[in-house]
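Student: Curious how this folds, go ahead:
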Amino acid sequence: SIELRRGTANGIKGEWLLPSGIKPGPWDRMLLWAHGGGFAFASPRTHRLFLAQIAITARIPIFCPDYRKPPHHPFPAPVQDICSVYLALQGKVADN
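Tutor: Numbers count the residues shown, from 1 in each chain. Coordinates of the predicted model:
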């Protein structure tokens, strides 16, 4: 099974998908998923089932950010959000 949690990273909202038995970090590995849609369409919700299957199969926590999108936030805002989330999540991975 999977636990779905809303969260933020550097102020960017998103969803955590945690396989059962995986506790909150730090972890030795995790996946940051920038959902498809050309930085203009889709959301964590549209990829939830797909990402849940990856999380369960790989036994890995996943964060899918709901980055800003056009037209209100044109390029490079979506890319900046992904980079900001990436930097924030580096602290959630354990140094081994």
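
Student: rest of the way, CA atoms for contacts and neighbours
Tutor: OK.

Student: List the buried residues for stretch 26-34?
Tutor: 27, 30, 31, 33, 34 (16 or more other C-alpha atoms under 10 Å).

Student: so how far is residue 43 from residue 92?
Tutor: Per C-alpha to C-alpha, to the nearest Å, residue 92 is found 23 Å from residue 43.

Student: Same check on residue 78?
Tutor: 12 Å.

Student: follow-up on the earlier one: output the buried residues of stretch 26-34 as CSV; include the columns secondary structure.
Tutor: Output for the buried residues of stretch 26-34, formatted as CSV (DSSP: H, G, I helix; E, B strand; the rest coil):
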residue, secondary structure
27, strand
30, coil
31, strand
33, coil
34, coil
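
Student: pLDDT and distance to residue 11 for those residues - can I get that in a markdown table?
Tutor: Formatted as a markdown table, the buried residues of stretch 26-34 follow (pLDDT from 0 to 100; distance: C-alpha to C-alpha, whole Å):
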| residue | pLDDT | distance to residue 11 |
| --- | --- | --- |
| 27 | 87 | 21 |
| 30 | 94 | 19 |
| 31 | 96 | 18 |
| 33 | 96 | 16 |
| 34 | 94 | 16 |
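
Student: Could you pull out the strands in the chain for me?
Tutor: Counting by DSSP state E, the chain has these strands, from start to end: 2-9, 12-19, 31-32, 62-65.

Student: you'd agree residue 17 is up against residue 55?
Tutor: Yes - taking contacts as C-alpha atoms under 8 Å, residue 17 lies within contact range of residue 55: 6.7 Å.

Student: Which of these two has more residues huddled nearby?
Tutor: Under the criterion of other C-alpha atoms under 10 Å, the comparison of residue 17 against residue 55 puts residue 17 first, with 26 against 22.

Student: Would you mind measuring from the more buried one to residue 68?
Tutor: Distance check for residue 17 against residue 68: by C-alpha to C-alpha, it reads 20 Å.
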